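Novice: Could you look at this predicted model? Sequence included:
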Amino acid sequence: MLNCDRLQRRKARVNMEGALVARDQVGIQDFVLLDSITSETAFLDNLKKRFNENLIYTYIGTLLVSVNPYKELGIYTKKQMENYMGVNFFELPPHIYALADNAYHTMLTEMNNHFILISGESGAGKTEASKRILQFYAVSCPSTSLLDRARDRMLVSNPVLEAFGNAKTLKNDNSSRFGKYMDIQFNREGEAVGGHILSYLLEKSRVVYQNHGERNFHIFYQLVEGGEEETLRLLGLERNCQHYCYLVQGGTLNTVNYKNDWKTMQKALFVLGFSEKETEYLFGIIGSILHLGNVQFEADSKGYAHPLTACCILLQLLGVHVQVLQEALTFKKIEAKTEEVLSPFSVDHAIYARDALTKALYDRTFTWLVNKINESLENKDSTKKTVIGLLDIYGFEVFYVNSFEQFCINYCNEKLQQLFIQLTLKSEQEEYEAEDIEWEPVQFFNNRIICDLVEQRHSGIISILDEECMRPGEATDLTFLERLEERLGNHPHFVTHRLADQKTRKTMDRGDFRLLHYAGEVTYCVVMHQAKNSIVKHCFPPTEADSKKRPETVATQFKSSLMGLTKILTAKEPWYVRCLKSNEDKQPGRFDHVLVRHQVKYLGLMEHLRVRRAGFAYRRRYEVFLHRYKPLCPATWPHWRGVPADGVERILKHLGYSEDEYKMGRTKIFIRHPRTLFAIEDAYEICKHELAAKIQAKYKGYKVKGEYRKKKEAATKIETCWRGVQARKEREKRAWAVKVIKKFIKGYMTRHQAATTDNSEYLTFVRHNYLTRLKDHLPKTVLDKSTWLTPPPVVKEASEMLRKLHMRLMVRKYVRGITAAQKTQLQLKGLTSELFKGKKDSYPQSVSRPFVDTRLSEQDINMRVLQMIRHERIKYSIPVVKYDRNGFKPRPRQLILTQTAAYLVEEAKMKQRIEYRSLKGDRSVSGSLSSGLMGLKGWRHGDLVLQCDHLFEAVTKLCVVANKRNIVKVVQGSIKFDIQPGKEGFVDFGSGQEAMAYKAKNGHLMVVSASLWCGCCRC
């Protein structure tokens, strides 16, 4: 125990500076540094401040306080595990990984055993904390293939134990309904090599009865809802929980995916080494319990109970004889010396016997299951091992109706609280005595009086219960209550309805008694609610029936196991995790002050804080304190040559602290108030920065001077070498330049001669230079004929080839870039060029003017005309002026070109129609290049004389539509035309200031303008 306490003190002192520096971030990481250690309000405010920032862990020395956030925080990743591996306890923010890692490394260093006590209310996160610790050891401990097997078995034991030992309660969907102590065994190298599990007080009454809103153990729902069809058929079960009396009493809805849990549990059984036969027998017992719950009884004429339903499936699953089972359910066996008498049960007694059998069957099966898991986890190596125990124990419970299970659970918490205070108080007292510091008594509630009330021999509640059970005659719950009143009536922490005052009686029933626990008052109700299967054989051995020894009561058994647990814990060094519920509704981010205050009270956190402080908030060895804070005093900085204690005292006096603020021990300095320590730490932070600045300045100056000298020497050497290199390069450059210039001049002089070694480089230079200049002076358009550089004689031929290639490239780019409309326009312009280029002076000016598809829209053409030519598609139309053949009177007309003929239209009248097939090129009509006239030969009554503004466009369109290019001829001088068959007319051309057409005195048509005369002949 002495080593244990020294270790506890050492752990509490490791790197407390981490908590000091972090105090200004979010609350205080260690409650020991709270200014007011008696104020619950300050305690709760600090918890809430950290909780609101998702900081759920806080220290009280080495005790870890955990507040359930009811949401995922992302603080349990593998990276987080790696951060906490091998670090000092207070170096990083509080975390369950820090506690697990320090327990592990302390165990390896001291080679002794440890345990981690995890306690708190149902739903506070105890089971989750236990899982996190196991996962941390699975990742952080060294591993091999053999060790991985042991590690995997320890991890998968959780799903099995949760299936058989956990259930949904009002406070928790996965509440552990049994206490679990698990030893993890490590070898000398720190490898996890095995484990062992102890279970305490399984809540077996839950098998036969559940309060409203609660459920039975998970395994029943996993089997019914997740089991395979073949498994259910063999067990005689249906896939409906509502068909089984033991599963419907709570009346809650299913919010859990039991199918996945069933698969996980089955896989875990396989990993743990359960055989198929064992698994079959195990599920057979679970199925038989469900069938037992459905067994009903009726009374015969004498009032004796008889089963209503057949028990065939039970006989098959349990492997017992039908007579044995019926006797167990409907008869009581009374032994008198050598005789056995069977006394029949009433219906009520038979139901009670059925439920008792069910509870015993499940309880012993659970014990067998734990033992089987222990066989799987057992390490048979005889070498010495150290262990870390995980104690996941039920928290203090207060329900509306508190039965025998709550009595045992709260008794367990009383016992553990007593042990907890004793260990902490003893370690603190021993440290004070070792340092010769006067011990100041700590006021805390000593719950030994409660423990004695429950467990004291001959006069405790458990002893009285045992006596009442063994007393001959009719012993009932009420006679037990009367015996308690007789023996404990004067006890200050015990009261019943009869012993209470008038006000208290209103809150109690006649069958209740009340205990004043350290956590508060709790009212308890005294009305407490040969085989073939190998597991049944193991759980109910035949020798048990023949034994004459009276079995111990459950309370005595639990008391004995609790004493054994206490003995185990006192032999190990403790670490504590206290789990708190933030609210009853499991709402994320909600902090219920009343609920948390109640938990803080019954978990004894304020008492623990007062014990840890015991008058002094901080203690540290002189050497460590001096090493950290010596910069605060000029006399101790930078080196103190004297005794460390004197140096520490010099520092404190220099800072101006009085002697009542600290005490000097034999090897340590004790500081009374946290504010004193914070002030020292603040002064140290300021001094540290100032010293760091001075040291940096000195060091930087020294370093810069040394570097400057080195750089200067190096620069001188480099300059010398560099000048030599540069001079040699300059000489080489000049020699090379002379050689090149000579060669260039010689090549220039022989440039017109055949290629030789003297002029080949020069000619290459000329070619390269020309091509380089040509690259920047290439023509940009196809029409650019003057941009091409004049080539030297040596590249003249190549230049011409390049020019043609470049021209083809530009043409190709241009052609690829034009649209379909542009292509059509170019084709028409090309045809126009063939017809008129060089024949008409105004042709060049017309090239840039684009042709249009038509000059008249359908709205411009009379509807009657459109109706007459509706079967022919209009290709082109244009307004023209027709001159009469006799008087040359001008008349406005519309020239319409269709697919098959040309039409001359006057408003709604079709005047002339000339088919394209009648147009031939063997008879042409000459025309003046300055006229705007054209003549059409092909009408039977004579030639048509027409004038239009877009002559080139109209003629070109006519040639395209008629698909004839040889019908157009441009002529000079006067021309003649046929006025009518056999009669000719003439057209003379002239120029004037304005364009006009009239009949001259000689009877000819006189045209004054720049126009064209075209002849189209008919065959």
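Specialist: Everything's here; your move. Numbering: from 1, shown residues only.
Novice: make it CA atoms for all contacts and neighbour counts henceforth
Specialist: Will do.
Novice: Read off the pLDDT value for residue 1001.
Specialist: What the model reports for residue 1001 is a pLDDT of 69.
Novice: Going forward, the N-terminal residue is numbered 29.
Specialist: All right, first residue 29 from here; so that's residue 1029.
Novice: now residue 592: how far from residue 604?
Specialist: 19 Å (C-alpha to C-alpha, to the nearest Å).
Novice: same deal with residue 591?
Specialist: In terms of C-alpha to C-alpha, residue 591 sits 19 Å off from residue 604.
Novice: Which residue of the two possesses the greater neighbour count?
Specialist: Per other C-alpha atoms under 10 Å, whichever of residue 591 and residue 604 has more neighbours is residue 604, with 18 against 14.
Novice: tell me the secondary structure for the more buried one?
Specialist: strand (DSSP: H, G, I helix; E, B strand; the rest coil).
Novice: which residues does it contact?
Specialist: Residues counted as contacts of residue 604 (C-alpha atoms under 8 Å, 6 or more residues apart in numbering) are 90, 91, 92, 144, 145, 146.
Novice: The same query, at a cut-off of 10 Å, please.
Specialist: 88, 90-93, 127, 143-147, 419, 448 (C-alpha atoms under 10 Å, 6 or more residues apart in numbering).
Novice: Please identify which of these is nearest to residue 276.
Specialist: Taking C-alpha to C-alpha as the measure, residue 276 sits nearest to residue 147 out of those, at 30.6 Å.
Novice: phi, psi of the closest one?
Specialist: Backbone torsions for residue 147, taken as degrees, to the nearest 10, come to phi -140, psi 160.
Novice: okay, now it: neighbour count?
Specialist: 25.
Novice: who touches it in this structure?
Specialist: 153-155, 157, 419-424, 441, 444, 604-608, 631.
Novice: make it 7 Å
Specialist: 154, 420, 421, 422, 423, 605, 606, 607 (C-alpha atoms under 7 Å, 6 or more residues apart in numbering).
Novice: Dump those to TSV, plus secondary structure and neighbour count.
Specialist: Rendered in TSV, the data for the contacts of residue 147 read as follows (DSSP: H, G, I helix; E, B strand; the rest coil; neighbours: other C-alpha atoms under 10 Å):
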residue	secondary structure	neighbour count
154	helix	28
420	strand	24
421	coil	26
422	coil	26
423	coil	25
605	strand	24
606	strand	27
607	strand	28
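Novice: still on that earlier bit, farthest-separated two in the contacts of residue 604?
Specialist: That would be 88 and 419, which, of those, are the farthest apart (C-alpha to C-alpha) at 19.1 Å.
Novice: who has more neighbours, the two?
Specialist: With neighbours defined as other C-alpha under 10 Å, residue 88 and residue 419 compare such that residue 419 has more, 26 against 22.
Novice: Helix, strand, or coil at the more buried one?
Specialist: Once three-state DSSP is applied, residue 419 turns out strand.
Novice: Could you double-check that it lies in contact with residue 142?
Specialist: No: with contact taken as C-alpha atoms under 7 Å, residue 419 and residue 142 are classed as non-touching, separated by 11.0 Å.
Novice: Return every residue with contacts to both of these two.
Specialist: With C-alpha under 7 Å, 6+ apart, residue 419 and residue 142 have no common neighbours.
Novice: could you say what helices and strands the longest helix seen in the chain packs with?
Specialist: Across the chain, the longest stretch assigned as helix under DSSP state H is helix 702-777. Other helices and strands packing on helix 702-777, by 3 or more C-alpha pairs under 7 Å, 6 or more residues apart in numbering; DSSP states H and E, are helix 788-803.
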